[in-house]
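> coordinates for the following, if possible.
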Amino acid sequence: MPDTLLIQVEACYIQAETFFKRPFKRPVVSLELKGQKAGVAHLHENKLRFNRELYQRNTEDFLRQTVPHEVAHLVAHHMFGDRIAPHGQEWQLIMRGVYELSPLRCHSYEVKRRQVLRYLYHCPCPGSEFAFTPQRHGLVRKGRRYLCRQCRHTLVFSGQTRVE
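Reported below is the predicted structural model:
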């Protein structure tokens, strides 16, 4: 776990404690988050999960914006309870009042799209090709049939796949 990340989480808590004049229990912090999200606050577990790859590629902005964003979720939960909207007025109050940041809901970090496997199906129509997801291909293997919208023939797996 990078020290800078933990130091920023702690600094955000100290700011919130100073602002609200009360202590907050520190969360468990991890860098195990994958995918497109930069961070996630698990309210009932008092846990923060951050995306290591996005942290490493956007460290400065991540520490300035993402860490306070996620800490604000936990602080809002502790201050106002379960019935608040995730990015509602209570969370926005903390972002503006405590951290003096714009309450942005989403990050703008460049995210590498993951490659996906497609199963190629065809019908008698000239040049027809239908790319099925693994889930849809699995349904075909279990007996579901899909028809071509033009010729109404059953789509047949070609035996080929491609990565997109």
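
> does Pro124 touch Thr154 like I think?
No: using C-beta atoms under 8 Å, Pro124 makes no contact with Thr154, being 10.1 Å away. Using the backbone N, CA and C atoms, a C-beta is placed for each residue, glycine as well.

> what do those two both touch?
Cys148 (C-beta atoms under 8 Å, 6 or more residues apart in numbering).

> assign a three-state SS to the most centrally placed residue in the chain, would you?
Nearest to the mean C-alpha position of the chain, by C-alpha atoms, centre = their mean, lies Lys37 at 2.7 Å. Classification of Lys37 using DSSP: H, G, I helix; E, B strand; the rest coil returns coil.

> longest helix anywhere in the protein?
Criterion DSSP state H: the longest helix present in the chain is helix 3-20.

> quick one: the helices in this structure?
Going by DSSP H, the chain shows helices at 3-20, 52-57, 59-61, 67-80, 89-93, 134-141.

> okay, these, which one's buried deepest?
Of all those, helix 67-80 carries the top mean neighbour count, a mean of 23, counting by mean count of other C-beta atoms under 10 Å.

> what's the closest of the helices of the chain to Ser108?
Within the helices of the chain, the stretch nearest Ser108 is helix 59-61; the backing value is 8.7 Å (C-beta to C-beta).

> run a quick neighbour tally on His44.
Applying other C-beta atoms under 10 Å, we find 7 residues neighbouring His44.

> OK, contacts around it?
If you count contacts by C-beta under 8 Å, 6+ apart, His44 has none.

> other SSEs contacting the longest helix of the chain?
Helices and strands touching helix 3-20, by 3 or more C-beta pairs under 8 Å, 6 or more residues apart in numbering; DSSP states H and E, are strand 28-33, helix 67-80.

> and the residue nearest to Gln15 when sequence neighbours are not counted, how far is that from Val40?
Leaving aside its chain neighbours, Gln15 sits nearest to Val98 (5.5 Å; criterion: C-beta to C-beta, 6 or more residues apart in numbering). Val98 is 20 Å from Val40, where distance means C-beta to C-beta, to the nearest Å.

> which one's more surrounded, the two?
Val98 (20 against 15).
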